[in-house]
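J.: predicted model, plus sequence, below.
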Amino acid sequence: MTVKGTDIYRLIPQRKPFVMVDEFELLEGPTSSESLTGASCQTLLSVRMDNYFMMNCGELSESGLIEHVAQSASALAGYVDVQNGAEQPPVGMIAEVRNFVCQRRPRVCERINTSVTMEFSFGPMTLAHASSSIDDDIICEVDLKIFIR
């Protein structure tokens, strides 16, 4: 199932101008009803000049890439919660960024395709791995520890 447009607001707590996910698609549900472990998704973001994280050179900053990945993980947690009857998306925050490798920054008009997998979840802490690409070129990979409440 694909979620896009203003329906994204059902999955993430962010609102304009700070929304960093245009489309969401669930790839795999969690392996347990009590954690997010095993869940995975793909998201898309079209890079626009009015993005909060744009640099003067017309490229999205590395911190913008990390925020996009975090919001992608948040959308996955929100999707699982909505499927379980929640009326509001969960609120989360980045607790740790590890192994961030950026091959290049995305430019205006490019579309970032991000895959997120929740590798382990225990209580409010979740470890996620993400890979972002443009066309078939991987532009970044990162591991995040996310506190989701």
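T.: Yep, that arrived. Residues are numbered from 1 along each chain as shown.
J.: tell me the pLDDT at the residue nearest the centre of the chain?
T.: For the chain, the residue nearest the mean C-alpha position is residue 72 (1.4 Å; Cα atoms, centre = their mean). Note for residue 72: predicted pLDDT of 98.
J.: now do residue 149
T.: Residue 149 is given a pLDDT of 86.
J.: surely it touches residue 88?
T.: No: if you go by Cβ atoms under 8 Å, residue 149 and residue 88 don't touch, sitting 11.2 Å apart. Where C-beta positions appear, they are placed from N, C-alpha and C, glycine not excepted.
J.: can you classify the residue nearest to the centre of the chain as helix, strand or coil?
T.: Here residue 72 is helix, with the state taken from DSSP: H, G, I helix; E, B strand; the rest coil.
J.: quick check: it vs residue 115, distance?
T.: Noted for residue 72: a distance of 9 Å to residue 115, by Cβ to Cβ, to the nearest Å.
J.: please enumerate the shared neighbours of these two.
T.: Residues touching both residue 72 and residue 115 (Cβ atoms under 8 Å, 6 or more residues apart in numbering) are 41, 130.
J.: count the neighbours of residue 66 for me.
T.: When neighbours are counted by other Cβ atoms under 10 Å, residue 66 registers 21.
J.: name the SS class of it, please.
T.: Going by three-state DSSP: residue 66 is helix.
J.: same thing with the one 3 residues further on?
T.: Going by three-state DSSP, the secondary structure assigned to residue 69 is helix.
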